[in-house]
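Novice: just a sequence and a predicted model for now, questions to come.
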Amino acid sequence: MTRNTSLLDRAAEAASVASRYCDEVDRDSRFPTESMQALKDARLMGIMIPRELGGESANLRDIADVCALLGQNCSSTAMVYAMHQIKASSLVSHGADDAWHRAFMACVASEQLLLGSATTEGGGIGGDLGVSNCAIERDGEEFNLRKDASVISYGKQCDAILVTARRAPDAPPSDQVMATVLKSQYTLEQTSTWNTLGMRGTCSDGFILNARAPVEQIFPQPFAEIAARSMLATAHLLWGALWYGIAANAVARAQAYVRADARKKPGVTPIGAVRVAEAANMLQLMRSSINAGIDKFERAQRANEELNSMSFAIDMCNLKIGTSRLLTDIVNQSMMVCGIYGYKNDTPFSLGRHMRDAMSAPLMINNDRIFGNTSNMLLVHRLDQRLVG
Amino acid sequence: MNGTIRNLLEQHGRLPVTVSSLADDQDLYAAGLTSFAAVQLMLGLEEAFDVEFPERMLNRKSFASINAIAACLSEIAPQKAVA
């Protein structure tokens, strides 16, 4: 397989812009406008879209690499970019045979559109993506949809939203579809403000979304299939990639701190040196498991049926739980190394932002909810006990 | 066999509709079967038919309809399926 190394080169400028503005984005809890513009300028928004539609047919591995690079510089930029690509993966996987979505993908590539997501809902539904209250209400060739979305990340800034809803007003909560609605087809009424510990630049405010659009903008497949075949896997892999970026930067800071210490006192091993070694060990585990996860995803894509299997779902869930736990442990460890210089907000070794951003990882799709799902599946699924599967 | 499957679906399926209103080939997910309930149903079937679903059947398709479930059971336990 050929790797498109130039994607990383193209992302370098955006990463440097992200690094320049990250403290301001974090402090003011504002959208990372400059770095997202730099990503558009580098034509990195539509890279996953197939070449025949004006994209670059980039694979998930290359996109994960970009997410990791951004994660080293500004977690919010990386998260916005990752979420956009997760939505793009649903378009690519499920819109390829559908005329409207093909035309839309061409538009995403040519206009460098930013895709948003409205999969969570108020009214007791919360983070359970598998059920909806709101429903598609057909009206001739169009549909109406009103969704009380407790979170729409960068809702104000995105150009289109992929929204989930029940198939029809009489459908059960788990019988969901997903539709693409364009900015000109919806209004957003803000219901809450994203004022959080970390990931502050994702601007994940709450909104009531009111949309009216042609029915051809509804994906033909059930949402459960979209979730299983593209969304959950790419989400866990790309989140893992950007979390790796945060962790890698934290370890780099810890390592720089120890190195500076060692230079000052030659012959004396700095107190934090062993912790750096331990953090590097965890970082390697994180990196290996994400790479193994991407391999697994690519194999499952080729085998096709595999994507719907329980074993694949469990693997991806475990990847999310594992990488999010490693991230918080690594940042914690790095903080111990840097001590007061990590704790202060204005040193080259500051880790407060890393720590606050990292705390979101076990919570976005709460690890306890994921454990609940995997524990249910493990009642029937037997784990593969081979080493080389 | 479909009768037993229907009984178990009634017990474990947590469907918002009555199982008798469903046709054998009707999409159970569209009828409200969740992935959680699908696992509970699977456990009920394993107990009732004294079988274990092999790994390759642990996916959405195997439980997409009463007929699909019956086809899986016929494959893994042909002698019990006729009972």
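Specialist: Nice, I can see it. Given the structure is predicted, the values throughout are model-derived calculations rather than measurements.

Novice: can we go C-alpha only for contacts and neighbour counts from here?
Specialist: OK.

Novice: quick one, longest helix in the chain?
Specialist: All of this refers to chain A. Using DSSP state H to define each element, chain A has its longest helix at helix A:232-264.

Novice: the intended chain is chain B.
Specialist: Across chain B, the longest stretch assigned as helix under DSSP H is helix B:35-49.

Novice: which helices and strands sit right next to the helix or strand following it?
Specialist: Once the chain leaves helix B:35-49, the next helix or strand it forms, by DSSP states H and E, is helix B:66-76. When contacts are defined as 3 or more Cα pairs under 8 Å, 6 or more residues apart in numbering or on different chains; DSSP states H and E, helix B:66-76 sits against helix B:2-12, helix B:78-81.

Novice: pLDDT below threshold where in the stretch 251-389 of chain A?
Specialist: Flagging of the stretch 251-389 of chain A using pLDDT under 70 yields the residue ranges A:389.

Novice: can you name the residue of it nearest chain B?
Specialist: In the stretch 251-389 of chain A, no residue comes nearer to chain B than A:S309, which is 4.6 Å away by Cα to the nearest Cα.

Novice: list the residues that contact the residue nearest to that residue when sequence neighbours are not counted.
Specialist: Residue nearest to A:S309 in three dimensions, not counting chain neighbours: B:N59, with 4.6 Å by Cα to Cα, 6 or more residues apart in numbering or on different chains. Going by Cα atoms under 8 Å, 6 or more residues apart in numbering or on different chains, B:N59 touches A:N308, A:S309, A:M310.

Novice: redo those as CSV? Include neighbour count and secondary structure.
Specialist: As requested, those are exported to CSV (neighbours: other Cα atoms under 10 Å in any protein chain shown; DSSP: H, G, I helix; E, B strand; the rest coil):
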residue, neighbour count, secondary structure
A:N308, 21, helix
A:S309, 21, strand
A:M310, 23, helix
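
Novice: could you dump the residues you listed to TSV with distance to A:K147?
Specialist: Formatted as TSV, the contacts of B:N59 follow (distance: Cα to Cα, whole Å):
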residue	distance to A:K147
A:N308	28
A:S309	30
A:M310	30
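
Novice: shouldn't A:R229 be in contact with A:N308?
Specialist: Yes - look at A:R229 against A:N308 with Cα atoms under 8 Å: they come within range, at 6.3 Å.

Novice: coming back round to it: in the longest helix of chain A, what counts as buried?
Specialist: A:232-259, A:261-262 (16 or more other Cα atoms under 10 Å in any protein chain shown).

Novice: follow-up on the earlier one: looking at the contacts of B:N59, spot the one nearest B:E52.
Specialist: Closest approach between the contacts of B:N59 and B:E52, by Cα to Cα: A:M310, at 14.7 Å.

Novice: residue contacts, the closest one?
Specialist: By Cα under 8 Å, 6+ apart, the contact set of A:M310 is A:M377, A:H381, B:L58, B:N59.

Novice: with A:L44 instead?
Specialist: Counting by Cα under 8 Å, 6+ apart, A:L44 touches A:L7, A:R10, A:A11, A:Q112.

Novice: state the distance from it to A:D62.
Specialist: Distance check for A:L44 against A:D62: by Cα to Cα, to the nearest Å, it reads 11 Å.

Novice: overlap of the contact sets of these two?
Specialist: Residues touching both A:L44 and A:D62 by Cα under 8 Å, 6+ apart: A:L7.

Novice: not counting its neighbours along the chain, what's nearest A:P362?
Specialist: Leaving aside its chain neighbours, A:P362 sits nearest to A:S324 (5.3 Å; criterion: Cα to Cα, 6+ apart).

Novice: angle of the helix or strand the one you found falls within against helix A:232-264?
Specialist: Using DSSP H and E, A:S324 sits in helix A:310-338. If you take axes from the mean of the first three to the mean of the last three Cα atoms, to 10 degrees, helix A:310-338 sits at 20 degrees to helix A:232-264.

Novice: burial check on the residue lying closest to B:A30 once chain neighbours are set aside, number of neighbours?
Specialist: Of all residues not flanking B:A30 in the chain, A:D175 sits nearest, at 5.0 Å (Cα to Cα, 6+ apart). Neighbourhood size, A:D175 [other Cα atoms under 10 Å in any protein chain shown]: 25.

Novice: out of the contacts of A:M310, which are buried?
Specialist: Buried members of those, scored by 16+ other Cα under 10 Å, are A:M377, A:H381, B:L58, B:N59.

Novice: could I get the buried residue list for whatever helix or strand A:Q301 lives in?
Specialist: Secondary structure assigned from DSSP H and E places A:Q301 in helix A:273-303. Neighbour-count burial for helix A:273-303 flags A:273, A:275-276, A:278-280, A:282-283, A:286-287, A:289-291, A:293-294, A:296-298, A:300 (criterion: 16+ other Cα under 10 Å).

Novice: likewise for stretch B:6-23?
Specialist: For stretch B:6-23, burial by neighbour count (16+ other Cα under 10 Å) applies to B:R6, B:L8, B:L9, B:E10, B:H12, B:G13, B:R14, B:L15, B:V19.

Novice: I'd guessed the last one sits against B:Q11; true?
Specialist: No - counting by Cα under 8 Å, B:Q11 is not a contact partner of B:V19; they are 9.8 Å apart.

Novice: could you tell me the per-residue confidence at the residue sitting nearest the centre point of chain B?
Specialist: Taking Cα atoms, centre = their mean, the centroid of chain B lies closest to B:I69, which sits 4.4 Å from it. Looking at B:I69, its pLDDT is 95.

Novice: what does A:G124 give?
Specialist: 74.

Novice: now do the same for it: helix, strand or coil?
Specialist: Three-state call for A:G124 (DSSP: H, G, I helix; E, B strand; the rest coil): coil.

Novice: can you count the residues close to it?
Specialist: By the criterion of other Cα under 10 Å, A:G124 has 9 neighbours.

Novice: which bits of chain B sit near chain A?
Specialist: Neighbours of chain A within chain B, by Cα under 8 Å from any Cα of the partner chain: B:16, B:29-34, B:36, B:39, B:42-43, B:53, B:55-56, B:58-60.

Novice: what subset of those residues is buried?
Specialist: Buried subset of the residues of chain B next to chain A (neighbour count, 16+ other Cα under 10 Å): B:29-34, B:36, B:39, B:42-43, B:53, B:58-60.

Novice: ok, so of those, who is nearest A:I218?
Specialist: Ranked by distance to A:I218 (Cα to Cα), those are led by B:A30 at 15.9 Å.

Novice: start and end of stretch A:122-135, how far apart?
Specialist: By Cα to Cα, the extent of stretch A:122-135 from end to end equals 14 Å.

Novice: try stretch B:11-18
Specialist: Using Cα to Cα, the end-to-end distance of stretch B:11-18 comes to 11 Å.

Novice: sec struct for B:G32, please.
Specialist: At B:G32 the chain is in coil, as set by three-state DSSP.

Novice: give me phi/psi at it?
Specialist: Phi and psi for B:G32, reported as degrees, to the nearest 10, are phi 110, psi 10.

Novice: show me what contacts it?
Specialist: B:G32 makes contact with A:A171, A:P172, A:P173, A:S174, A:D175, B:R14, B:L15, B:P16, according to Cα under 8 Å, 6+ apart.

Novice: among those, name the ones in helices.
Specialist: Among the contacts of B:G32, no member lies in helices (by DSSP H).

Novice: biggest separation within those residues, which pair?
Specialist: Longest span within the contacts of B:G32, Cα to Cα: A:A171 and B:R14, 14.4 Å.
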